[in-house]
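Novice: Below is the structure, and that's it, no one-letter string:
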(Lines give C-alpha, C1' and ligand atoms only; values in the text may rest on other atoms or scores of the structure.)
Protein backbone atom coordinates (compact mmCIF):
# COMPACT_ATOMS: atom_id res chain seq x y z
CA UNK A 1 0.00 0.00 0.00
CA UNK A 2 3.01 2.30 -0.32
CA UNK A 3 1.79 2.18 -3.94
CA UNK A 4 -1.92 1.30 -4.18
CA UNK A 5 -4.60 -0.91 -2.59
CA UNK A 6 -6.50 -3.88 -4.04
CA UNK A 7 -9.96 -3.72 -2.57
CA UNK A 8 -12.39 -1.38 -0.85
CA UNK A 9 -15.48 -2.21 1.20
CA UNK A 10 -18.29 -0.33 2.91
CA UNK A 11 -20.53 -1.66 5.68
CA UNK A 12 -20.37 -3.00 9.22
CA UNK A 13 -18.52 -5.43 11.43
CA UNK A 14 -19.31 -6.75 14.91
CA UNK A 15 -17.19 -8.69 17.37
CA UNK A 16 -18.45 -10.71 20.34
CA UNK A 17 -16.88 -13.08 22.82
CA UNK A 18 -17.76 -16.72 22.20
CA UNK A 19 -19.86 -16.96 25.39
CA UNK A 20 -21.98 -13.85 24.92
CA UNK A 21 -25.64 -13.91 26.02
CA UNK A 22 -27.07 -10.90 24.19
CA UNK A 23 -25.63 -10.28 20.72
CA UNK A 24 -23.93 -7.07 19.72
CA UNK A 25 -25.97 -5.14 17.18
CA UNK A 26 -24.64 -3.89 13.88
CA UNK A 27 -25.52 -0.39 12.74
CA UNK A 28 -28.79 0.54 14.39
CA UNK A 29 -29.75 -3.10 14.91
CA UNK A 30 -32.24 -3.21 12.05
CA UNK A 31 -32.10 -5.16 8.81
CA UNK A 32 -34.87 -3.56 6.74
CA UNK A 33 -36.85 -0.33 6.99
CA UNK A 34 -34.96 2.31 8.90
CA UNK A 35 -31.65 0.47 8.67
CA UNK A 36 -28.24 2.11 8.86
CA UNK A 37 -27.06 3.41 5.51
CA UNK A 38 -23.96 4.29 3.52
CA UNK A 39 -24.39 7.01 0.85
CA UNK A 40 -22.25 8.92 -1.66
CA UNK A 41 -20.16 5.83 -2.31
CA UNK A 42 -17.15 6.31 -4.55
CA UNK A 43 -13.54 5.27 -4.80
CA UNK A 44 -10.38 6.66 -6.37
CA UNK A 45 -8.23 4.83 -8.87
CA UNK A 46 -4.85 5.28 -10.57
CA UNK A 47 -6.31 6.59 -13.86
CA UNK A 48 -5.64 10.09 -15.14
CA UNK A 49 -8.80 10.17 -17.29
CA UNK A 50 -11.30 8.83 -14.68
CA UNK A 51 -9.68 9.08 -11.25
CA UNK A 52 -13.05 8.93 -9.42
CA UNK A 53 -15.53 6.05 -9.80
CA UNK A 54 -19.09 6.19 -8.52
CA UNK A 55 -20.14 2.55 -8.64
CA UNK A 56 -23.59 1.13 -9.43
CA UNK A 57 -25.03 -1.80 -7.52
CA UNK A 58 -23.91 -4.23 -10.25
CA UNK A 59 -20.32 -3.13 -9.74
CA UNK A 60 -20.26 -4.28 -6.11
CA UNK A 61 -20.05 -7.69 -4.43
CA UNK A 62 -22.07 -8.45 -1.29
CA UNK A 63 -20.57 -10.26 1.69
CA UNK A 64 -22.83 -11.44 4.52
CA UNK A 65 -21.12 -13.90 6.84
CA UNK A 66 -24.35 -14.45 8.80
CA UNK A 67 -26.99 -13.05 6.49
CA UNK A 68 -30.05 -13.83 8.58
CA UNK A 69 -28.47 -12.02 11.54
CA UNK A 70 -26.68 -9.11 9.89
CA UNK A 71 -27.57 -8.20 6.32
CA UNK A 72 -26.81 -5.72 3.57
CA UNK A 73 -28.92 -4.50 0.64
CA UNK A 74 -28.70 -1.88 -2.08
CA UNK A 75 -31.13 0.70 -3.43
CA UNK A 76 -29.83 1.71 -6.86
CA UNK A 77 -32.20 4.58 -7.61
CA UNK A 78 -31.08 8.11 -8.40
CA UNK A 79 -28.27 7.52 -5.95
CA UNK A 80 -26.80 4.23 -4.76
CA UNK A 81 -27.57 3.67 -1.05
CA UNK A 82 -26.31 0.66 0.89
CA UNK A 83 -28.38 -0.46 3.90
CA UNK A 84 -26.77 -2.73 6.46
CA UNK A 85 -27.02 -3.94 10.05
CA UNK A 86 -28.97 -6.33 12.22
CA UNK A 87 -29.79 -7.52 15.74
CA UNK A 88 -27.45 -10.51 15.69
CA UNK A 89 -27.80 -14.07 16.91
CA UNK A 90 -30.04 -14.62 19.93
CA UNK A 91 -28.44 -17.34 22.01
CA UNK A 92 -29.54 -19.24 25.09
CA UNK A 93 -27.09 -19.59 27.96
CA UNK A 94 -24.76 -22.56 27.66
CA UNK A 95 -23.82 -24.34 30.87
CA UNK A 96 -22.68 -27.83 31.74
CA UNK A 97 -25.05 -29.54 34.13
CA UNK A 98 -21.99 -31.32 35.50
CA UNK A 99 -21.49 -28.08 37.39
CA UNK A 100 -25.00 -28.27 38.78
CA UNK A 101 -24.92 -31.54 40.67
CA UNK A 102 -28.40 -32.88 39.95
CA UNK A 103 -28.82 -30.65 36.89
CA UNK A 104 -31.39 -28.40 38.55
CA UNK A 105 -29.49 -26.22 40.99
CA UNK A 106 -27.09 -23.41 40.22
CA UNK A 107 -26.17 -21.36 43.22
CA UNK A 108 -29.03 -19.17 44.33
CA UNK A 109 -30.56 -18.58 40.92
CA UNK A 110 -34.34 -18.24 40.83
CA UNK A 111 -36.34 -20.89 39.03
CA UNK A 112 -38.88 -18.45 37.55
CA UNK A 113 -37.28 -15.31 36.18
CA UNK A 114 -40.46 -13.69 34.86
CA UNK A 115 -44.18 -14.40 34.55
CA UNK A 116 -46.35 -13.31 31.62
CA UNK A 117 -50.15 -13.30 31.92
CA UNK A 118 -52.64 -12.92 29.08
CA UNK A 119 -56.15 -11.47 29.13
CA UNK A 120 -57.70 -14.90 28.57
CA UNK A 121 -55.98 -16.41 31.59
CA UNK A 122 -52.98 -18.14 30.06
CA UNK A 123 -49.87 -17.87 32.24
CA UNK A 124 -46.33 -18.33 30.92
CA UNK A 125 -43.47 -18.78 33.38
CA UNK A 126 -40.01 -17.87 32.10
CA UNK A 127 -38.05 -20.68 33.78
CA UNK A 128 -34.31 -20.64 34.28
CA UNK A 129 -32.95 -22.77 31.45
CA UNK A 130 -30.86 -24.71 33.96
CA UNK A 131 -33.94 -25.68 35.97
CA UNK A 132 -36.11 -26.96 33.15
CA UNK A 133 -37.80 -30.37 33.54
CA UNK A 134 -35.33 -32.18 31.25
CA UNK A 135 -32.59 -32.25 33.85
CA UNK A 136 -34.65 -34.37 36.22
CA UNK A 137 -34.28 -37.33 33.87
CA UNK A 138 -31.79 -39.84 35.31
CA UNK A 139 -30.00 -40.09 31.96
CA UNK A 140 -29.53 -36.30 31.81
CA UNK A 141 -28.18 -35.50 35.25
CA UNK A 142 -24.72 -34.74 33.83
CA UNK A 143 -25.92 -33.49 30.49
CA UNK A 144 -24.21 -30.58 28.79
CA UNK A 145 -26.68 -28.33 26.97
CA UNK A 146 -26.01 -28.24 23.23
CA UNK A 147 -26.41 -24.64 22.12
CA UNK A 148 -26.92 -25.23 18.40
CA UNK A 149 -26.91 -28.18 16.02
CA UNK A 150 -23.65 -28.93 14.27
CA UNK A 151 -25.31 -29.07 10.86
CA UNK A 152 -26.06 -25.97 8.82
CA UNK A 153 -29.49 -25.20 10.25
CA UNK A 154 -31.51 -22.04 10.23
CA UNK A 155 -30.24 -20.16 13.25
CA UNK A 156 -32.03 -18.30 16.00
CA UNK A 157 -31.56 -14.99 14.19
CA UNK A 158 -34.62 -13.05 13.19
CA UNK A 159 -35.26 -9.82 11.29
CA UNK A 160 -38.16 -8.69 13.41
CA UNK A 161 -40.15 -10.03 16.33
CA UNK A 162 -43.11 -10.23 13.94
CA UNK A 163 -41.59 -13.38 12.48
CA UNK A 164 -42.22 -15.13 15.80
CA UNK A 165 -45.73 -13.96 16.68
CA UNK A 166 -47.49 -17.28 16.33
CA UNK A 167 -48.66 -17.65 19.95
CA UNK A 168 -51.15 -15.51 21.85
CA UNK A 169 -48.85 -14.68 24.76
CA UNK A 170 -46.21 -13.04 22.56
CA UNK A 171 -48.06 -9.72 22.46
CA UNK A 172 -47.80 -9.47 26.26
CA UNK A 173 -44.03 -9.80 26.54
CA UNK A 174 -41.10 -12.11 26.02
CA UNK A 175 -38.90 -14.28 28.17
CA UNK A 176 -35.39 -13.01 28.95
CA UNK A 177 -32.22 -14.65 27.71
CA UNK A 178 -31.27 -17.63 29.82
CA UNK A 179 -34.88 -18.73 30.34
CA UNK A 180 -37.43 -20.87 28.54
CA UNK A 181 -41.21 -20.25 28.45
CA UNK A 182 -43.37 -22.94 30.08
CA UNK A 183 -47.16 -22.91 30.28
CA UNK A 184 -48.23 -22.87 33.91
CA UNK A 185 -50.57 -25.61 35.08
CA UNK A 186 -53.50 -23.54 36.23
CA UNK A 187 -56.37 -25.68 37.46
CA UNK A 188 -56.25 -28.08 40.37
CA UNK A 189 -56.21 -31.60 38.98
CA UNK A 190 -55.60 -30.39 35.42
CA UNK A 191 -52.14 -31.23 34.16
CA UNK A 192 -52.59 -29.19 30.97
CA UNK A 193 -52.10 -32.43 29.06
CA UNK A 194 -54.48 -34.64 27.09
CA UNK A 195 -56.18 -37.34 29.13
CA UNK A 196 -56.33 -39.80 26.24
CA UNK A 197 -53.51 -42.26 25.49
CA UNK A 198 -51.27 -41.94 22.43
CA UNK A 199 -51.15 -44.72 19.84
CA UNK A 200 -49.02 -45.39 16.79
CA UNK A 201 -50.62 -45.49 13.33
CA UNK A 202 -51.45 -49.10 12.37
CA UNK A 203 -49.05 -49.68 9.49
CA UNK A 204 -49.26 -53.43 10.13
CA UNK A 205 -51.83 -55.96 11.33
CA UNK A 206 -49.85 -56.24 14.58
CA UNK A 207 -50.23 -52.49 15.12
CA UNK A 208 -53.97 -52.72 14.48
CA UNK A 209 -54.38 -55.59 16.93
CA UNK A 210 -52.47 -53.76 19.64
CA UNK A 211 -54.46 -50.54 19.12
CA UNK A 212 -57.74 -52.42 19.50
CA UNK A 213 -56.78 -53.26 23.07
CA UNK A 214 -57.92 -49.79 24.24
CA UNK A 215 -61.46 -50.24 25.58
CA UNK A 216 -62.05 -46.55 26.33
CA UNK A 217 -60.82 -44.67 23.27
CA UNK A 218 -60.74 -45.15 19.54
CA UNK A 219 -58.16 -43.62 17.22
CA UNK A 220 -58.42 -42.87 13.50
CA UNK A 221 -55.70 -41.75 11.10
CA UNK A 222 -55.45 -40.20 7.63
CA UNK A 223 -51.82 -39.81 6.58
CA UNK A 224 -49.05 -40.53 4.11
CA UNK A 225 -45.77 -42.21 5.02
CA UNK A 226 -42.34 -43.17 3.72
CA UNK A 227 -40.45 -46.24 4.91
CA UNK A 228 -36.64 -46.26 4.77
CA UNK A 229 -35.51 -48.99 7.14
CA UNK A 230 -32.81 -47.57 9.42
CA UNK A 231 -32.03 -44.63 7.12
CA UNK A 232 -34.25 -41.74 8.21
CA UNK A 233 -32.61 -38.87 10.09
CA UNK A 234 -35.47 -36.39 10.25
CA UNK A 235 -38.25 -34.70 8.35
CA UNK A 236 -39.88 -31.43 7.38
CA UNK A 237 -43.33 -30.04 6.55
CA UNK A 238 -45.50 -26.94 6.56
CA UNK A 239 -48.96 -27.56 8.07
CA UNK A 240 -51.81 -25.04 8.21
CA UNK A 241 -53.45 -24.33 11.57
CA UNK A 242 -57.10 -25.02 12.35
CA UNK A 243 -59.38 -25.17 15.37
CA UNK A 244 -61.63 -28.16 14.64
CA UNK A 245 -64.57 -29.37 16.70
CA UNK A 246 -63.32 -31.84 19.32
CA UNK A 247 -65.25 -33.75 21.95
CA UNK A 248 -64.47 -32.97 25.58
CA UNK A 249 -62.44 -36.15 26.11
CA UNK A 250 -61.11 -36.32 22.55
CA UNK A 251 -58.27 -34.86 20.56
CA UNK A 252 -57.42 -33.84 17.01
CA UNK A 253 -53.78 -33.74 15.91
CA UNK A 254 -52.05 -32.68 12.70
CA UNK A 255 -48.45 -33.71 12.81
CA UNK A 256 -45.24 -35.39 11.70
CA UNK A 257 -44.33 -38.84 13.05
CA UNK A 258 -40.74 -40.14 13.04
CA UNK A 259 -40.34 -43.65 14.39
CA UNK A 260 -38.14 -46.71 14.73
CA UNK A 261 -38.77 -50.19 16.08
CA UNK A 262 -37.18 -53.58 16.44
CA UNK A 263 -40.25 -55.18 18.04
CA UNK A 264 -43.85 -54.57 19.09
CA UNK A 265 -43.12 -53.08 22.51
CA UNK A 266 -39.98 -51.05 21.92
CA UNK A 267 -41.20 -48.60 19.29
CA UNK A 268 -39.61 -45.18 19.60
CA UNK A 269 -41.19 -42.02 18.23
CA UNK A 270 -40.68 -38.30 17.94
CA UNK A 271 -43.81 -36.35 17.05
CA UNK A 272 -44.57 -32.67 16.46
CA UNK A 273 -47.49 -30.64 15.17
CA UNK A 274 -50.60 -28.86 16.43
CA UNK A 275 -53.47 -30.28 18.43
CA UNK A 276 -56.85 -29.43 19.93
CA UNK A 277 -57.65 -31.28 23.16
CA UNK A 278 -60.22 -29.74 25.54
CA UNK A 279 -58.78 -31.76 28.41
CA UNK A 280 -55.72 -29.49 28.28
CA UNK A 281 -57.87 -26.67 29.67
CA UNK A 282 -59.18 -25.09 26.46
CA UNK A 283 -60.33 -25.92 22.94
CA UNK A 284 -57.64 -23.74 21.39
CA UNK A 285 -55.14 -25.00 18.85
CA UNK A 286 -51.68 -25.50 20.35
CA UNK A 287 -48.27 -26.67 19.19
CA UNK A 288 -47.35 -29.99 20.76
CA UNK A 289 -44.41 -32.37 20.85
CA UNK A 290 -44.29 -35.99 21.98
CA UNK A 291 -41.75 -38.77 22.47
CA UNK A 292 -41.68 -42.35 23.68
CA UNK A 293 -39.11 -45.14 23.68
CA UNK A 294 -41.38 -48.04 24.65
CA UNK A 295 -44.42 -47.78 22.39
CA UNK A 296 -46.31 -45.32 24.63
CA UNK A 297 -46.26 -47.69 27.60
CA UNK A 298 -44.39 -46.00 30.47
CA UNK A 299 -41.96 -43.49 28.94
CA UNK A 300 -42.38 -40.24 27.12
CA UNK A 301 -44.97 -37.50 27.29
CA UNK A 302 -46.46 -34.45 25.65
CA UNK A 303 -44.52 -31.19 25.60
CA UNK A 304 -42.42 -30.63 28.75
CA UNK A 305 -44.73 -32.62 31.02
CA UNK A 306 -41.94 -35.05 31.85
CA UNK A 307 -38.13 -34.90 31.69
CA UNK A 308 -36.73 -35.49 28.21
CA UNK A 309 -36.89 -32.69 25.65
CA UNK A 310 -34.21 -30.03 26.25
CA UNK A 311 -35.49 -26.58 25.27
CA UNK A 312 -32.92 -23.96 24.29
CA UNK A 313 -35.11 -21.17 22.91
CA UNK A 314 -36.92 -18.43 24.81
CA UNK A 315 -39.28 -17.61 21.93
CA UNK A 316 -41.92 -20.35 21.92
CA UNK A 317 -43.91 -21.97 24.73
CA UNK A 318 -44.64 -25.53 23.70
CA UNK A 319 -48.29 -26.20 24.45
CA UNK A 320 -49.36 -22.54 24.43
CA UNK A 321 -52.25 -21.21 22.37
CA UNK A 322 -51.68 -20.34 18.71
CA UNK A 323 -52.62 -16.80 17.75
CA UNK A 324 -53.42 -17.26 14.05
CA UNK A 325 -55.96 -19.84 12.89
CA UNK A 326 -56.95 -20.54 9.28
CA UNK A 327 -60.52 -19.88 8.18
CA UNK A 328 -62.51 -21.76 5.58
CA UNK A 329 -62.54 -19.68 2.41
CA UNK A 330 -60.30 -17.07 4.07
CA UNK A 331 -56.76 -16.50 5.27
CA UNK A 332 -54.50 -19.51 5.77
CA UNK A 333 -51.92 -19.65 8.52
CA UNK A 334 -49.35 -22.41 8.66
CA UNK A 335 -46.33 -23.46 10.68
CA UNK A 336 -43.10 -24.94 9.36
CA UNK A 337 -41.81 -27.90 11.36
CA UNK A 338 -38.38 -29.47 11.01
CA UNK A 339 -36.85 -32.36 12.97
CA UNK A 340 -33.30 -33.43 12.16
CA UNK A 341 -30.70 -35.62 13.84
CA UNK A 342 -27.38 -33.96 14.57
CA UNK A 343 -24.68 -36.13 12.94
CA UNK A 344 -22.21 -35.37 15.73
CA UNK A 345 -24.19 -35.35 18.97
CA UNK A 346 -26.94 -37.68 17.61
CA UNK A 347 -29.51 -35.42 19.30
CA UNK A 348 -32.75 -34.84 17.40
CA UNK A 349 -33.20 -31.08 16.83
CA UNK A 350 -36.57 -29.34 16.53
CA UNK A 351 -36.94 -26.18 14.46
CA UNK A 352 -40.25 -24.32 14.21
CA UNK A 353 -40.78 -21.44 11.78
CA UNK A 354 -37.05 -21.19 11.24
CA UNK A 355 -36.22 -21.00 14.95
CA UNK A 356 -34.32 -23.82 16.65
CA UNK A 357 -36.29 -24.73 19.78
CA UNK A 358 -34.27 -27.52 21.37
CA UNK A 359 -33.71 -31.24 21.03
CA UNK A 360 -34.49 -34.75 22.19
CA UNK A 361 -31.16 -36.10 23.52
CA UNK A 362 -29.89 -39.27 21.87
CA UNK A 363 -29.66 -40.87 25.33
CA UNK A 364 -33.44 -41.12 25.45
CA UNK A 365 -33.48 -43.67 22.65
CA UNK A 366 -31.98 -46.99 21.65
CA UNK A 367 -32.53 -47.51 17.92
CA UNK A 368 -33.17 -43.81 17.27
CA UNK A 369 -29.83 -42.96 18.81
CA UNK A 370 -28.77 -44.05 15.32
CA UNK A 371 -31.59 -43.55 12.79
CA UNK A 372 -35.33 -44.01 12.31
CA UNK A 373 -37.28 -46.33 10.02
CA UNK A 374 -40.43 -44.46 9.01
CA UNK A 375 -41.80 -40.93 8.68
CA UNK A 376 -45.43 -39.90 8.27
CA UNK A 377 -47.43 -36.70 7.76
CA UNK A 378 -51.16 -36.14 8.34
CA UNK A 379 -53.86 -36.30 10.97
CA UNK A 380 -55.04 -38.35 13.93
CA UNK A 381 -58.23 -38.10 15.98
CA UNK A 382 -59.12 -39.68 19.31
CA UNK A 383 -62.62 -40.08 20.76
CA UNK A 384 -64.06 -41.87 23.73
CA UNK A 385 -65.99 -44.94 22.66
CA UNK A 386 -69.33 -43.48 23.79
CA UNK A 387 -69.15 -40.25 21.79
CA UNK A 388 -72.21 -39.02 19.85
CA UNK A 389 -70.75 -36.35 17.56
CA UNK A 390 -67.36 -37.35 16.14
CA UNK A 391 -64.26 -35.23 16.56
CA UNK A 392 -63.14 -33.46 13.38
CA UNK A 393 -59.74 -33.91 11.75
CA UNK A 394 -57.94 -30.94 10.19
CA UNK A 395 -60.64 -28.43 9.29
CA UNK A 396 -63.34 -31.09 9.26
CA UNK A 397 -63.50 -31.36 5.46
CA UNK A 398 -62.38 -34.05 3.06
CA UNK A 399 -62.54 -32.12 -0.23
CA UNK A 400 -59.70 -30.22 -1.88
CA UNK A 401 -61.60 -26.94 -1.59
CA UNK A 402 -59.68 -24.96 1.04
CA UNK A 403 -58.66 -28.16 2.86
CA UNK A 404 -56.22 -28.94 5.59
CA UNK A 405 -52.85 -29.35 3.94
CA UNK A 406 -49.28 -30.49 4.43
CA UNK A 407 -46.74 -28.83 2.13
CA UNK A 408 -42.98 -28.84 1.62
CA UNK A 409 -42.69 -32.51 2.53
CA UNK A 410 -39.16 -33.81 2.73
CA UNK A 411 -37.13 -36.16 4.87
CA UNK A 412 -33.46 -36.57 5.68
CA UNK A 413 -31.59 -39.81 5.13
CA UNK A 414 -28.21 -41.34 5.94
CA UNK A 415 -26.72 -40.68 2.49
CA UNK A 416 -23.85 -38.26 1.96
CA UNK A 417 -24.60 -37.88 -1.76
CA UNK A 418 -28.34 -37.17 -1.35
CA UNK A 419 -29.12 -36.36 2.31
CA UNK A 420 -32.49 -34.72 1.56
CA UNK A 421 -35.37 -36.50 -0.16
CA UNK A 422 -38.32 -34.57 -1.59
CA UNK A 423 -40.83 -37.33 -2.24
CA UNK A 424 -43.28 -37.58 -5.12
CA UNK A 425 -46.76 -39.01 -4.59
CA UNK A 426 -45.61 -42.42 -5.85
CA UNK A 427 -42.97 -42.53 -3.11
CA UNK A 428 -45.56 -42.39 -0.33
CA UNK A 429 -48.01 -44.87 1.13
CA UNK A 430 -51.52 -43.78 2.14
CA UNK A 431 -53.15 -44.88 5.39
CA UNK A 432 -56.86 -44.23 5.99
CA UNK A 433 -58.26 -46.26 8.88
CA UNK A 434 -61.78 -44.94 8.22
CA UNK A 435 -61.56 -43.50 4.73
CA UNK A 436 -65.22 -42.53 4.38
CA UNK A 437 -64.94 -40.44 7.54
CA UNK A 438 -61.37 -39.10 7.46
CA UNK A 439 -59.54 -39.04 4.14
CA UNK A 440 -56.17 -38.17 2.65
CA UNK A 441 -55.26 -37.29 -0.94
CA UNK A 442 -52.28 -35.95 -2.86
CA UNK A 443 -51.85 -33.25 -5.49
CA UNK A 444 -48.57 -33.95 -7.24
CA UNK A 445 -48.31 -30.82 -9.41
CA UNK A 446 -45.39 -28.41 -9.30
CA UNK A 447 -45.21 -29.19 -5.60
CA UNK A 448 -46.52 -32.21 -3.74
CA UNK A 449 -49.36 -31.19 -1.41
CA UNK A 450 -51.12 -33.63 0.90
CA UNK A 451 -54.75 -32.89 1.78
CA UNK A 452 -56.27 -34.64 4.77
CA UNK A 453 -59.10 -34.42 7.26
CA UNK A 454 -62.80 -35.02 7.67
CA UNK A 455 -65.88 -34.65 9.88
CA UNK A 456 -65.93 -38.24 11.07
CA UNK A 457 -68.91 -40.57 10.83
CA UNK A 458 -71.75 -40.01 13.30
CA UNK A 459 -73.16 -43.20 14.75
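Specialist: Now that the structure is in, tell me what you want to look at. Quantities reported herein were computed from a predicted structural model and do not represent experimental measurements.
Novice: Tell me the predicted confidence for the residue of the chain positioned farthest from its centre.
Specialist: Largest separation from the mean C-alpha position in the chain: residue 48, at 58.7 Å (Cα atoms, centre = their mean). Looking at residue 48, its pLDDT is 90.
Novice: Any figure for the gap between it and residue 197?
Specialist: Noted for residue 48: a distance of 84 Å to residue 197, by Cβ to Cβ, to the nearest Å. Every C-beta, even on glycine, is put in place using the N, C-alpha and C of the backbone.
Novice: Beta-bridge partners for the most centrally placed residue in the chain, please?
Specialist: By Cα atoms, centre = their mean, the chain has its centre lying nearest to residue 352, at 2.2 Å. Under DSSP bridges, the beta-bridge partners of residue 352 are residue 337, residue 355.
Novice: OK, contacts around it?
Specialist: 272, 287, 316, 335, 336, 337, 338 (Cβ atoms under 8 Å, 6 or more residues apart in numbering).
Novice: hey, which strand is longest across this structure?
Specialist: Looking across the chain with DSSP state E, the single longest strand is strand 217-240.
Novice: residues touching the residue nearest to residue 304 when sequence neighbours are not counted, list them.
Specialist: Leaving aside its chain neighbours, residue 304 sits nearest to residue 133 (5.0 Å; criterion: Cβ to Cβ, 6 or more residues apart in numbering). For residue 133, the contacting residues are 304, 305, 306, 307, 308, by Cβ under 8 Å, 6+ apart.
Novice: helix/strand/coil for residue 130?
Specialist: helix (DSSP: H, G, I helix; E, B strand; the rest coil).
Novice: From residue 122, how far off is the residue nearest to residue 304?
Specialist: From residue 133 to residue 122 the distance is 19 Å (Cβ to Cβ).
Novice: Same question for residue 308.
Specialist: Taking Cβ to Cβ, one finds residue 308 at 23 Å from residue 122.
Novice: ok, the two, which is more surrounded?
Specialist: More neighbours surround residue 308 than the other of residue 308 and residue 122, with 25 against 21 (other Cβ atoms under 10 Å).
Novice: Is the more buried one in contact with residue 301, as I believe?
Specialist: Yes. Counting by Cβ atoms under 8 Å, residue 301 is a contact partner of residue 308 at 6.9 Å.
Novice: For those two, list the residues in contact with both.
Specialist: residue 291.
Novice: show me where the stretch 101-250 of the chain has helices.
Specialist: Along the stretch 101-250 of the chain, counting by DSSP state H, counting those that start in this stretch, helices occupy 205-211.
Novice: where are the low-confidence patches of it?
Specialist: Low-confidence segments of the stretch 101-250 of the chain (pLDDT under 70): 101-110, 152-165, 186-193, 204-214.
Novice: Repeat the analysis, applying 90 as the threshold.
Specialist: Along the stretch 101-250 of the chain, the parts satisfying pLDDT under 90 run over 101-111, 120-121, 130, 141-144, 147-166, 171, 177-178, 184-200, 202-218, 248-249.
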